[in-house]
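In: the sequence and its predicted three-dimensional model are supplied below.
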Amino acid sequence: MLRKLYLMNINRLLLVCSLLLAGCVSTESDEDLREVTILYTNDEHGWMEGMKSGQSAASLFDVWEKKEGYSPDGPFLILSGGDNWTGPAISTWTQGKSMIEVMNAMQYDASAVGNHEFDFGLDVFKARAEEADFPYLSANTRWRRNGETPTDIGILPYSITMVNDLRIGIIGLTTRETPIATHPAHVRDLEFIALERAVRQTLPEVEAAGTDLVVIIAHVCVDPLTQLIRATADLNIALMGAGHCNELIAENIEDTVLLGGGYHYEAYAKATFTVNKETKEIVKRKFSTQENRFDTENAGISALIARWASQTQALLAEPLAYSNRALGRYSKALQQLIIDSWLLADPTADVAITNAGGIRIDLPKGPIDLGTIVALMPFDNSILALELDAQSIRTALDSGHEPVVAGLEKRRGQWVFTNNGEPLDESRSYRVLVNSFMYAGGDGYWPLSKGDPDAFDTGINYRQPFQDWLEAQGSSEQNPLRL
Ligand SMILES: [Zn+2]
């Protein structure tokens, strides 16, 4: 944290001295000016390898070093708006551990707590926070039982760091949607209080520490964050960084810079402030968004990612099940096993629907490992829970290409419940599980958002229930799956 030196200050003094020797007089205020550049990402979601080539964390860090002039002792602050993990296998199967190592190597100074930071439960979050060389910040996350910040699991309301002789206060915020945007059971002991209230409660303590500049990193979408900027215009917050909605943005609103760094390391946002150290006045602010497109990678971070990639491959090769029979990709038997596993995983659901196109290979005869399951269902689609009426369910089922359905089946042209042959009740709604691809209208499905605009994203990958079911069978070569 204290690695930032006062290089800029020394450079300025040298400049002033040389100007004086030359007989010039420099203005006193120049000596008081300090600059800090904030490099900002959010919603990284474990994409350390990049979604496209040239967009890895290693190439981003190379951009920062070579194009932004970043050095650990330079006038820089590297911040994240949260949702660091939950995405590709390389981060999800290490429960975020690999991502912490990468973010440590990238010298992050702080991250907001995103809803997905809770995906593996509070104990895992605590372990990750302990491994991180940077603090996880959220001023509005509190224990429900006493209203206190959960510092005991590694969440701090704010941190203070010195950069280029400037004392900078960083306050974190977390989306109030968190209880429905991660596994609800994981955060049932936490509450997420109103953003403005949390900022107004926290700021006096931050300012009492003698800060020259206060910034907020928020796992909060741009719209509500803009409202917060307007509501707190009296508080002199230099910057608010967004997260959660993957937005790429750099704007000035009421003299607060609003940044959003996009997502998945495709881009970043930056802001440079020139501050008068004596008056604490911001005399200049610059801000922009930048693409992460670079042909070279930082060697150290690249090697770190390669090591995690090979460990992930080893994880993929761990046997899960054994089958003495192959099931075809388009077979009813395989499709039904997969979709039935969704209802087994969520017995409160009435119906589950996935698209046949999301099942990509035959289930082979012989050993089945995680790699097989990922190849079978390779997409990063999550399971959404919807409340749909009977008509919406029928419209959805009849609109899409080859729906794979559990709970209902078609008999004599009518959708009826598989267990009792009863038709859908027109007077009530049902809990229906679908995948996020279909919900967005993929594969020609009737846009399910019309039936339920407030779908609950379980955050569970669409392959996970089938993987869990296969593992639970405890099969082996001697005791193969009964398919
Ligand atoms: Zn989020």
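Out: Sure, I can see it.
In: only C-alpha atoms for contact and neighbour calcs from this point on.
Out: OK.
In: nearest the geometric middle of the protein, what residue?
Out: Geometric centre of the chain, nearest residue: residue 83, 2.4 Å, by CA atoms, centre = their mean.
In: in the host helix or strand of residue 198, what counts as buried?
Out: According to DSSP states H and E, residue 198 maps onto helix 195-208. Residues 195-196, 198-199, 202-203, 206-207 are the ones in helix 195-208 that count as buried (16 or more other CA atoms under 10 Å).
In: do stretch 242-255 as well
Out: 242-251, 254-255.
In: one more: stretch 404-419?
Out: For stretch 404-419, burial by neighbour count (16+ other CA under 10 Å) applies to 404-409, 415-417.
In: what about the strands in the stretch 301-450 of the chain?
Out: Secondary structure of the stretch 301-450 of the chain (DSSP state E, counting those that start in this stretch): strands at 319-323, 351-355, 366-369, 382-389, 403-406, 408-411, 414-417, 429-435.
In: kindly report the same for the stretch 151-300 of the chain.
Out: Here the stretch 151-300 of the chain has its strands, by DSSP E, counting those that start in this stretch, at 155-156, 158-163, 166-174, 190-192, 213-219, 239-241, 248-253, 256-261, 267-276, 282-291.
In: so for residue 446, which of the ones you listed sits nearest?
Out: When the strands of the stretch 151-300 of the chain are compared for distance to residue 446 using CA to CA, the nearest one is strand 248-253, at 29.3 Å.
In: end to end, how far does stretch 441-449 reach?
Out: 9 Å (CA to CA, to the nearest Å).
In: let me see the mean pLDDT of it.
Out: Average pLDDT, stretch 441-449: 84.
In: other residues contacting that stretch?
Out: Stretch 441-449 is contacted from outside by 355, 357, 392, 395-397, 399-401, 438-440, 455, using CA atoms under 8 Å, 6 or more residues apart in numbering.
In: name the residues that touch stretch 187-207?
Out: Residues outside stretch 187-207 that contact it (CA under 8 Å, 6+ apart): 118, 121-122, 139-145, 157-158, 160, 169, 171, 173-176, 178-179, 214, 228, 231-232.
In: I meant to write stretch 276-286 there.
Out: Here stretch 276-286 makes contact (CA under 8 Å, 6+ apart) with 29, 32-34, 166, 212-213, 271-275.
In: quick one: buried ones out of those residues?
Out: Burial by neighbour count, 16+ other CA under 10 Å: within those this picks out 32-34, 166, 212-213, 271-275.
In: so which elements touch the helix of greatest length in the chain?
Out: Taking DSSP state H as the criterion, the chain has its longest helix at helix 299-316. Applying 3 or more CA pairs under 8 Å, 6 or more residues apart in numbering; DSSP states H and E, one finds that helix 299-316 contacts helix 57-66, helix 89-92, helix 97-105, helix 370-376.
In: I'd like to know which of the ones you listed is closest to residue 351.
Out: Closest to residue 351 of the helices and strands packed on helix 299-316 is helix 370-376 (CA to CA; 22.1 Å).
In: helices or strands next to that closest one in the packing?
Out: So helix 370-376, by 3+ CA pairs under 8 Å, 6+ apart, packs with helix 299-316.
In: now the helix it packs on: buried residues?
Out: Quick answer for helix 299-316 (16+ other CA under 10 Å): 301-302, 304-305, 308-309, 312, 315-316.
In: how is this protein divided into domains?
Out: As recorded under automatic domain parsing, the domains making up the chain are 7-311, 318-472.
In: right, so the ones you listed: which one is the most enclosed?
Out: domain 7-311 (a mean of 20; mean count of other CA atoms under 10 Å).
In: re the thing from before, Throw the domains of the chain into TSV and include distance to residue 480, thanks.
Out: Output for the domains of the chain, formatted as TSV (distance: least, CA to CA, whole Å):
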stretch	distance to residue 480
domain 7-311	26
domain 318-472	5
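In: for residue 483, which of those is the nearest?
Out: With CA to CA as the yardstick, what comes closest out of the domains of the chain is domain 318-472 (7.4 Å).
In: for that closest one, measure first residue to last.
Out: 15 Å.
In: contacting residues for the residue nearest to residue 377 when sequence neighbours are not counted?
Out: Among residues not flanking residue 377 along the chain, residue 359 sits closest, at 5.2 Å (CA to CA, 6 or more residues apart in numbering). Taking CA under 8 Å, 6+ apart, we find residue 359 in contact with 329, 335, 376-377.
In: from memory residue 133 sits against residue 104, does it?
Out: Yes - using CA atoms under 8 Å, residue 133 is in contact with residue 104, at 5.8 Å.
In: in the protein, where is pLDDT below threshold?
Out: Applying pLDDT under 70 to the chain flags the ranges 1-29, 183-184.
In: thinking again about what came up before, ok, which of the helices and strands packed on helix 299-316 comes nearest residue 186?
Out: Comparing the helices and strands packed on helix 299-316 by CA to CA, helix 89-92 comes nearest, at 16.3 Å.
In: how close does the closest residue to residue 350 other than its chain neighbours get to residue 448?
Out: Leaving aside its sequence neighbours, residue 350 sits nearest to residue 431 (CA to CA, 6+ apart; 5.4 Å). In this view, residue 431 and residue 448 are 13 Å apart by CA to CA.
In: return the closest of the buried residues of helix 299-316 with respect to residue 343.
Out: So of these, ranked by how close each gets to residue 343 (CA to CA), first place is residue 316, at 25.2 Å.
In: got a list of what the closest one touches?
Out: Counting by CA under 8 Å, 6+ apart, residue 316 has contacts 369-371.
In: can I get those residues in TSV with distance to residue 387?
Out: Formatted as TSV, the contacts of residue 316 follow (distance: CA to CA, whole Å):
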residue	distance to residue 387
369	34
370	32
371	33
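In: closest one of those residues to residue 292?
Out: Using CA to CA, the contacts of residue 316 come closest to residue 292 at residue 371, 29.5 Å.
In: residues touching that closest one, list them.
Out: Here residue 371 is in contact with 313, 316-317 (criterion: CA under 8 Å, 6+ apart).
In: could these be laid out in CSV, adding distance to residue 94?
Out: Formatted as CSV, those follow (distance: CA to CA, whole Å):
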residue, distance to residue 94
313, 12
316, 12
317, 15
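In: kindly state the beta-bridge partners for the residue nearest to residue 350.
Out: When assigned by DSSP bridges, residue 431 has beta-bridge partners residue 387.
In: over to residue 355?
Out: Going by DSSP bridges, residue 355 is paired in beta bridges with residue 403.
In: just to check, it is in contact with residue 397?
Out: No - using CA under 8 Å, residue 355 is not in contact with residue 397, being 10.0 Å away.
In: can you report phi and psi for residue 281?
Out: Torsion angles at residue 281 (phi, psi; degrees, to the nearest 10) stand at phi -90, psi 140.
In: distance of it from residue 265?
Out: In terms of CA to CA, residue 281 sits 32 Å off from residue 265.
In: out of the strands of the stretch 151-300 of the chain, which is closest to residue 88?
Out: Checking those against residue 88 by CA to CA gives strand 267-276 as the closest, at 17.9 Å.
In: follow-up on the earlier one: pick out whichever of the contacts of residue 359 sits closest to residue 384.
Out: Of those, the one sitting nearest to residue 384 (CA to CA) turns out to be residue 377, at 16.2 Å.
In: what's near enough to touch that closest one?
Out: 358-360, 462-463.
In: and what of residue 111?
Out: If a contact means CA under 8 Å, 6+ apart, then residue 111 has 79-82, 134-137, 172, 217 as its contacts.
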